[in-house]
Every structure is written in structure tokens, then in C-alpha cells.
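# Structure, please.
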Amino acid sequence: MTDFILPDIGEGVVECELLEWLVSEGDTVEEDQPVAEVMTDKATVQIPAIHSGVITRLYYKPGDIAKVHAPLFELKPANDDSGASQQQKPDAPQVPEKAPEKVSEMQPADNAGSAVETFILPDIGEGIVECEIVKWHIDAGEFVAEDEVVVEVMTDKAVVEIPAKHAGTLMKRYHEVGQIAKVHEPLFDLSVEQEGAGGSSGATTASNETTVQASPPAPGKTVPTGFQEGGFEPPKVIEGKVPASPAVRRLAKENNLALQDITPTGKKGRVLKQDVLNALKQGQQNSAQTTSQAESTATAEQASRTVPLTPVQKAMAKQMVRSVSTIPHFTVSDELVMDPLIALKGSLKAQFADADIKLTFMPFFIKALSLCLTEFPQFNARLSEDGNAMTYFDDHNIGFAVDSSAGLLVPNIKQVQNLSVLEIAEAMQRIVTDAKQGKVSSSDLKGGTISISNVGVLGGTTATPIINYPELAIVALGKIQQLPRFDDQQQVISQSVMQVSWSADHRVIDGATMVRFNNVWLDYLSNPLKMLSKLR
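Next up is the predicted model:
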């Protein structure tokens, strides 16, 4: 038997909601066959099987919250006989054999009826791939309570306390003080008492036999000081935010309880699950006393309503606030004469139709932008968190805003510098189709270097776009208008004109550089044949 460990499904995503199981226990699945649909704060994602085999266990029900790096389902591989032999050895629980490092203490104990959970070190900051063990608060063999601090680790930005997700007995420490621990690898083993733990004795809840193949960020990625939503919170309580795990927050939300109104019993003011249950019980006892007051104010409250934001809306709000509060924006606007591009698009329309691709203007904008990035590499870069260094990217991963069924998404097309206009159009068509269904791949949402927003498709003329942090620039495209203009002979003519508006990061891009960049870009678009001399 092999546990499928839920891998990284998006930058900063630490949990997701299980929407639907596409298979049932006992079903046979093929390699790469979708098994489940989950929803993150960015999109709906299908999770495929990595091997052919039989589904033996589903760990969650629809509506449950699944954690990244925790088991999602159990699979018996089609050609795996080892699982049967292992299940014939239920006499003694065992700590998983495979571990990235064997330099740890281990004190096995008789834990019949419990399951050994391997705690995987999660993402503790964007771009952080390892940390140093500073202090163990718990020794092997000692009992640890839920949310009790187990270990302190030090990144290149801060010292972080790592708490236990469950109560149990510490069985093994994979690293000692002073050693380096890797993100997405085991940190410690915990023997946890589980309700209805069914399955073979000694089974681990996070199997090391299925290693998460998490690709580390590219060298030079910057490290924000904040923590990703849903992950571990910093040692200091953030003012105005009540410390609580995502599961506790969800329980409170489902019962219309505000965390601020719940008396916490956890360390450092942390609200625990039992605190929410106690508040619910207390609320039921007081409901009879407050009924008359509620009836007297019901009429006034009916005049307004509160609707929670969707995960995508919350993610967008967080990203926009971070951008405008971090990046000093400035805007440069200009107009683009579209007539030559309109003529070129018309001449290529039939060729693209033969390839079953609907041709729009966007692939031309994207390709011209890529050519400009080659001449102005400072636009295809990222400023370090401390503002002291720039990271330049070789690949032009150009994003474009999509008004999807789930909300605003900004997927990107990878390595545009190596693609033709036809290939760009093909990639766009695939991504837009996925976005309309709310099923954009997580890989399409990560790694963007610069973005385009098309407000014109909805009738907008101009805009002041907000930069997609941590990128350095974004352009907004307006609608095409038929306007009077003077030609070279000072005669009034009708031209197809589009307004374009750039926003750039004034910390590293000055106004003159922005205007020069825009001039080159507009030159490619108003004289599209010039692009041919630059294409590879």
C-alpha cells in the first residue's frame, strides 16, 4: 500500500478543500487518471494518480480540508506485492524506514492503537528551502499537546516556532540542534491516538515511501518576511488577528462565530477546537435569553447582509493590498494605431482556423512584449525583499488577466521567447478554456515575470493597473476606437486607436526607461512586419 501525499499545488498554498472524489474505494485507476478535484484559493485543480492500481482508502470526505504534504488517498500499485507482505506484519508498529537523514534520536515505544505520523516541514516562507534547527522543546518519548511548540528553526529571515498539529508522543527527531532541515522533508515522528484509525498497525499517516517531488524555487528568488495564509504563524501574535488553525477557523465560520468572541485556552492566545465547541454550547444555553432581543432588531438587520469572500476573492484582495502597499506605482499612457495589426490578423485568420485556433490580438501583444524584454531585461526581473539586489530571469513567462468563473486569475505562458505567435495563441486558448471551467493548472499560475490586462475586451478605455507582485510592470489594453487623426499631409483620417496604460515599479524603473520600453513595444505592434526580423 502506498499513501499518495498531496503535493504543492500552488505557490503559498498549504491546504485545499476537497470538492469531489472521481473514484471510490476499491476502484481501479490508471496512471495519470484524475482521482479527486480540490479547490485552493486560486483555482480548482484535478489530482491524478501517479501509478496504476486500486484505491484502497480515501482519507477525506467532500467538503473536508486537505493539507499539503499530508496523505490524500491510499493506493495499492498494480504490480506491487510488497504491500501485501507488509500488511502481514501487524505485530509491532514501525517508524518508516526511509528518511532523508539518519542522524536523529529515536526511542520506539509500544503504541498499539496509535498511528505514527511523520511531520513534514512545510513551506515557512516564499523561496525558503531549508532552515537550521535551533532548539528542540520536546525530547523523544515525551508527550506533546496539540499546538505545543516542538522545535525552533531559523531561516535567513527569522526564528520560527514549529508546533505539533496533533497531541501525541514524540517518537523520532530527524535532525539535531545545528543541523540543516529541508523543506518538504521529515522533521519528526509523532505517535498519535486516532479515532477509527483502521488499517494495519503501525501505518504512518505520512508515508515516506511516496516522496513529494517538490521542485525548489529558482536560485535568487526573494524571501518575504510574511507567512503564507494557512501556514505557521510567527511567534508574535499579529495585532487584530486571532491565532487559530485553518480547521478551527472553518469550524467557527460554519457556525457563524467570530474568533474574537471566543475565549482562547491555547498558548499565546490560540483558539483551539474545544474552545469553539465550548462557545457553541454556551451560545445554545443563552439562545433562549436572547431570542426576544434578536426579534426586535431583525427588521433593521434585514436591510443589509454579509457574504463571505470566495477563496479566489480573498487571495486577490491579499495580493492587491500587498502590491499597492509595497510597490511605488507610476503610470505611463499612450495610444496605439491598430490598423496595420488589424490587417495582419485578417490575413492570418484562415491559417489559424485551419489549426482550430481562434486568433485574437493578444498573441501579437505578448510576442512583441517578449521581444522588448530581450532589449530591456530589467523589466523581466524581481527586486529582492530588502531592496538591495535584482534577480534577472532568462525565461519570459508573460501573464494575462482572465475573468474566470472563480474570479480574477493571472495565468502565464511559459518561455514566450521560444514560441511563435501560433504557439502562443494555442497556449492561450488552452488556458482560457481551463479558466472558464475554474480548472487552471497550478503550473500555469506560478512563475510569471510580467503581465497584461485587457480591460478593452469588456469595453474599458483606460486603466491604472496594479502590478502583480512581485513583478515590476503591467500594461492595460483599452478597447479599439475609430477616431479622427492627422496623417503626414495633415489631412484628417479615420484610424483604429487603442489606449495603453503601463504601471511600473518606480524603485527600479524610471519614467524615461518606461517610455523607451513602451516606444519599442508600440513600434513592433504598429509595424508588425518589424517583428519578423527579430523572430528566431
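# I'd like to know which helix or strand in the protein has the lowest mean pLDDT.
The helix or strand of the chain with the poorest confidence is helix 82-87; it has a mean of 43 (mean pLDDT, DSSP states H and E).
# I'd like the next helix or strand past it.
As assigned by DSSP states H and E, the chain's next helix or strand after helix 82-87 is strand 114-120.
# so for whichever helix or strand comes after that next one, what's the average pLDDT?
Next helix or strand after strand 114-120 toward the C-terminus (DSSP H and E): strand 130-136. Rounded to a whole number, the mean pLDDT of strand 130-136 is 89.
# so what secondary structure elements neighbour whichever helix or strand comes after strand 130-136?
As assigned by DSSP H and E, the chain's next helix or strand after strand 130-136 is strand 143-144. With contacts taken as 3 or more Cβ pairs under 8 Å, 6 or more residues apart in numbering; DSSP states H and E, strand 143-144 sits against strand 168-173. (C-beta placed from N, C-alpha, C; glycine too.)
# what's the strand it packs on packed up against?
Judged by 3+ Cβ pairs under 8 Å, 6+ apart, strand 168-173 is in contact with strand 114-120, strand 143-144, strand 186-193.
# do you know which of these lies nearest residue 495?
Shortest distance between residue 495 and the helices and strands packed on strand 168-173, using Cβ to Cβ, is found for strand 114-120: 59.4 Å.
# Just the endpoints, please. Distance across stretch 370-384?
23 Å (Cα to Cα, to the nearest Å).
# Under the pLDDT cut-off, which ranges of this structure? List them.
Counting by pLDDT under 70, the chain has low-confidence residues at 10-12, 41-42, 80-114, 125-127, 156-158, 194-241, 245-247, 267-268, 284-303, 536.
# domains of it?
Domain segmentation of the chain under automatic domain parsing yields 1-88, 313-533.
# I'd like these laid out as JSON lines, including distance to residue 144.
Converted to JSON lines, those look like this (distance: least, Cβ to Cβ, whole Å):
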{"stretch": "domain 1-88", "distance to residue 144": "18"}
{"stretch": "domain 313-533", "distance to residue 144": "32"}
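# between the ones you listed, which gets nearest to residue 123?
domain 1-88 (6.6 Å).
# follow-up on the earlier one: Serialize the helices and strands packed on strand 168-173 to JSON lines and add fields for mean neighbour count.
Output for the helices and strands packed on strand 168-173, formatted as JSON lines (neighbours: other Cβ atoms under 10 Å):
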{"stretch": "strand 114-120", "mean neighbour count": "22"}
{"stretch": "strand 143-144", "mean neighbour count": "15"}
{"stretch": "strand 186-193", "mean neighbour count": "23"}
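# Would you map the helices across this structure?
Under the criterion DSSP state H, the chain contains helices at 82-87, 246-254, 273-301, 311-326, 339-354, 362-375, 421-436, 442-445, 511-526.
# ok, residues contacting the fourth one?
Spelled out, it's helix 311-326. 17, 39-43, 229, 309, 404, 406-409, 466-469 (Cβ atoms under 8 Å, 6 or more residues apart in numbering).
# would JSON lines of the helices and strands packed on strand 168-173 with distance to residue 383 be doable?
JSON lines is the format used below for those (distance: least, Cβ to Cβ, whole Å):
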{"stretch": "strand 114-120", "distance to residue 383": "31"}
{"stretch": "strand 143-144", "distance to residue 383": "41"}
{"stretch": "strand 186-193", "distance to residue 383": "32"}
